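*Asks:* what's the 3D shape of this:
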Amino acid sequence: MTAVVFIHGTGVREPGFSALAGRVAAGLTALRDGLRVVPYYWGEAHGATLAAGGASLPPPPAAARGLAETPAGPGADDDTATAWAALYADPSAELALAAAGAEPVAERPPGSLPAQQELQTRLTALAAQGDAPAAELGPGLPRAATDLAAHPLLGPAADALDPDDLAALAARSLTARIVADALDADSPLVPVGDTRDAVTDRLAVALGAPPRGTERGVRSLMLRAAGSVASRAAVRRRRALTEAAHPAAGDVLRYLSRGEAVRAALRALVAGLEPPVTLVGHSLGGIIALDTLISAPLPQVRLLVTAGSQGPFLYESGSLPSLEHPAPLPPHVPDWLNLYDPRDLLGHLGAGLFPGRVTDIAVDSRQPFPAAHSAYWTNPAVYRHIADRLP
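*Replies:* Model (predicted):
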């Protein structure tokens with residue numbers, strides 16, 4: 001009888017593990033008679049825990065300052081950070097909100113100028129100055145100003161706002177574009193909020209606004225999209241959220257630093273099974289399976305299956321505990337089927353690193369990340385590919 005050992009990924013605990021293992025067993029046995037599916041639940045014994053009850057977690061920001069609220073109101077700093085996060089994700093978001101509120105414009109009188117024309121002129125002049133007006137943010141002001149001047153939503157936004165508010169909005173959009181580019185480039189130097197706000201106010205003045213702070217504007221408009229109430233609730237519930245989410249990251253760190261016990265328990269489990277055995281690992285479970293097979297021969301195991309696994313990436317980056325690049329995969333490692341979802345940012349390829357030893361197959365869940373990382377075991381194609389290759 002073929003045995004399949006299923007090894008779960010990060011953050012999985014009961015009762016979720018039993019439901020997951022049951023789904024995997026049902027999916028495989030429906031396609032192959034005579035299978036014995038053996039779950040390896042390493043999370044309870046070897047997963048990460050907050051051993052001191054969360055003593056390492058800092059208090060919420062207001063408590064850390066010893067203040068119930070800031071002069072701008074309770075949670076004002078968090079509201080502002082939430083709004084800027086939305087702008088970094090989409091620097092045109094506030095522009096779109098303003099444009100959506102514009103009334104239909106009647107035909108303009110002959111000779112009248114579009115409402116956005118003055119701002120476009122100022123944006124063009126700003127672009128001609130190079131990066132200097134926003135040097136503290138990093139490079140990119142000329143391109144950001146040129147792109148914004150040609151943005152199709154600039155006209156509707158100009159019809160909805162007075163010129164001062166439009167200039168302040170444009171300044172925030174420019175700042176967000178420059179910072180977003182820095183984040184995309186993984187820049188280690190992102191300006192603090194005070195610098196960001198000072199540059200934004202300077203740009204607003206250059207675009208025609210009177211000198212004033214810009215933060216009130218970003219809160220009042222952007223938070224309709226960002227959700228200030230939810231943001232403040234998240235900060236207040238930091239302990240609960242961290243305790244619920246920490247196993248996922250903690251499991252990886254704990255395994256990389258103290259993974260031998262996990263591997264030893266897997267070897268002991270496999271030693272008690274009759275061959276042929278297949279190891280099926282999801283995410284960190286795939287790394288555990290790969291590391292265990294590399295470390296010492298397990299003759300019972302005839303197939304390794306990984307899904308959404310970071311094993312190839314850890315190997316290439318020099319972080320896989322059992323094998324350092326460019327050392328080849330040991331001959332005793334069995335055939336390796338590596339399933340990945342093209343939208344799963346945590347799924348990696350192995351065939352290019354181990355030619356002739358790994359078969360990479362894409363399985364599309366039609367889900368975005370991070371949902372794609374958790375959708376392997378509801379995808380019928382995953383079970384078909386595994387069943388087709390079982391010994």
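*Asks:* so Ala180 sits right up against Ser92, yeah?
*Replies:* No - look at Ala180 against Ser92 with Cβ atoms under 8 Å: they stay out of range, at 10.6 Å. For the C-beta atoms, the positions are set from N, CA and C on the backbone; glycine is no exception.
*Asks:* which helices and strands does the strand or helix carrying Asp147 pack with?
*Replies:* Counting by DSSP states H and E, the element that carries Asp147 is helix 141-149. Packed against helix 141-149 by the contact rule (3 or more Cβ pairs under 8 Å, 6 or more residues apart in numbering; DSSP states H and E) you find helix 117-127, helix 163-184.
*Asks:* mean pLDDT for these: which is lowest?
*Replies:* Sorting those by mean pLDDT places helix 163-184 lowest, at a mean of 92.
*Asks:* just the buried positions in the next helix-or-strand element following it, please.
*Replies:* Note on helix 163-184: by DSSP H and E, the next helix or strand toward the C-terminus is helix 193-206. Within helix 193-206, the residues scored as buried using 16 or more other Cβ atoms under 10 Å are Arg196, Asp197, Val199, Thr200, Asp201, Arg202, Leu203, Ala204, Val205, Ala206.
*Asks:* same deal with stretch 129-140?
*Replies:* For stretch 129-140, by 16+ other Cβ under 10 Å, it's Asp131, Pro133, Ala134, Leu137, Gly138, Pro139, Gly140.
*Asks:* list just the nearest of the residues you listed to Ala268.
*Replies:* Gly138 (53.3 Å; Cβ to Cβ).
*Asks:* Gly130 versus the nearest residue to the closest one once chain neighbours are set aside, what's the distance?
*Replies:* What sits nearest to Gly138 in space, not counting adjacent residues and going by Cβ to Cβ, 6 or more residues apart in numbering, is Ala182, at 4.9 Å. If you measure Ala182 against Gly130 using Cβ to Cβ, to the nearest Å, the figure is 17 Å.
*Asks:* same thing with Leu314?
*Replies:* For Leu314, the distance to Gly130 - Cβ to Cβ - is 42 Å.
*Asks:* wait, Tyr340 touches Ala362, no?
*Replies:* Yes - at 6.1 Å, Tyr340 and Ala362 qualify as touching, with contact defined as Cβ under 8 Å.
*Asks:* which of the two has more residues huddled nearby?
*Replies:* Tyr340 (23 against 13; other Cβ atoms under 10 Å).
*Asks:* got the contact list for that one?
*Replies:* Ala307, Gly308, Ser309, Gly347, His348, Leu349, Asp360, Ile361, Ala362, Val363 (Cβ atoms under 8 Å, 6 or more residues apart in numbering).
*Asks:* okay, the fifth one: pLDDT?
*Replies:* In the predicted model, His348 carries a pLDDT score of 96.
*Asks:* equivalent analysis for the first one, please.
*Replies:* We have a pLDDT of 97 for Ala307.
*Asks:* and it, what are its bridge partners?
*Replies:* With DSSP bridges as the criterion, the beta-bridge partners of Ala307 are His282, Leu339.
*Asks:* run the angle between the helix holding Asp147 and helix 193-206 for me.
*Replies:* 60 degrees (axes from the mean of the first three to the mean of the last three Cα atoms, to 10 degrees).
*Asks:* would you indicate which residues of stretch 10-26 are buried?
*Replies:* In stretch 10-26, counting by 16+ other Cβ under 10 Å, buried: Thr10, Gly11, Val12, Phe17, Leu20, Ala21, Val24, Ala25.
*Asks:* tell me the contacts of the last one?
*Replies:* Applying Cβ under 8 Å, 6+ apart, we find Ala25 in contact with Phe6, Val37, Pro39.
*Asks:* my read is it is in a helix, agree?
*Replies:* Yes - with DSSP: H, G, I helix; E, B strand; the rest coil as the criterion, Ala25 is assigned to a helix.
*Asks:* which one of the contacts of Tyr340 is nearest Leu298?
*Replies:* Distances from Leu298 to the contacts of Tyr340, taken by Cβ to Cβ, are shortest for Ser309, at 17.8 Å.
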